[in-house]
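Colleague: starting from these lines, generate the structure:
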Amino acid sequence: MKTLSFTVGLLLLLTVYCIAMPHGLNEASPKLCCMKFSDIIIPKMKILSITKTHSGCQQKGFVFKTDTQQICISQSKSWAIRAFNQWLVS
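Modeller: This is a model prediction of the structure:
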């Protein structure tokens, strides 16, 4: 009887752990991060969207989406900050 109770308890514990695990991993991992940053200046007319990287990323940046690619630009670039602020207003 002890073995049966132990087995049922262990299965219940594993079931709860496996159900909770995917949510915990999704919440802990950053959604959008940049590992490398480009030094190019993107013309305003080519920008489709600008997204700030996730707050959990090691390096802060912006992701500029154009019609052909996504480009990471460091948040230390003054032109990128201006472009992002203008994007928020428009």
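Colleague: the helices in this protein, which residues?
Modeller: Listed in chain order, the helices found in the chain under DSSP state H are 2-28, 78-89.
Colleague: which of the ones you listed comes out lowest on mean pLDDT?
Modeller: Of all these, the segment with the smallest mean pLDDT is helix 2-28, scoring a mean of 47.
Colleague: how many other residues sit next to residue 83?
Modeller: A total of 19 residues lie near residue 83 under the criterion other CB atoms under 10 Å. To be clear about C-beta, it is placed using only N, CA and C from the backbone, and glycine gets the same treatment.
Colleague: can you pull the pLDDT of the nearest residue to it once chain neighbours are set aside?
Modeller: Closest residue to residue 83 in three dimensions, ignoring its sequence neighbours and counting by CB to CB, 6 or more residues apart in numbering: residue 50, at 6.2 Å. With respect to pLDDT, residue 50 has a value of 95.
Colleague: what number of residues lie near residue 50?
Modeller: Residues near residue 50, counting by other CB under 10 Å, number 18.
Colleague: quick one: contacts for it?
Modeller: Residues near residue 50 by CB atoms under 8 Å, 6 or more residues apart in numbering: 62, 63, 64, 65, 83, 84, 87.
Colleague: would JSON lines of the residues you listed with distance to residue 55 be doable?
Modeller: Formatted as JSON lines, the entries for the contacts of residue 50 read as follows, by distance: CB to CB, whole Å:
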{"residue": "62", "distance to residue 55": "13"}
{"residue": "63", "distance to residue 55": "14"}
{"residue": "64", "distance to residue 55": "19"}
{"residue": "65", "distance to residue 55": "20"}
{"residue": "83", "distance to residue 55": "20"}
{"residue": "84", "distance to residue 55": "15"}
{"residue": "87", "distance to residue 55": "18"}
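Colleague: give the ChimeraX command for selecting the buried subset of those.
Modeller: In ChimeraX syntax, the buried subset of the contacts of residue 50 is picked out as below (16 or more other CB atoms under 10 Å):
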select :62,63,64,83,84
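Colleague: tell me which of the contacts of residue 50 is nearest to residue 40?
Modeller: residue 64 (9.5 Å; CB to CB).
Colleague: how about the closest one: what's its closest non-neighbour residue?
Modeller: Nearest non-adjacent residue to residue 64, counting by CB to CB, 6+ apart: residue 71, 4.8 Å away.
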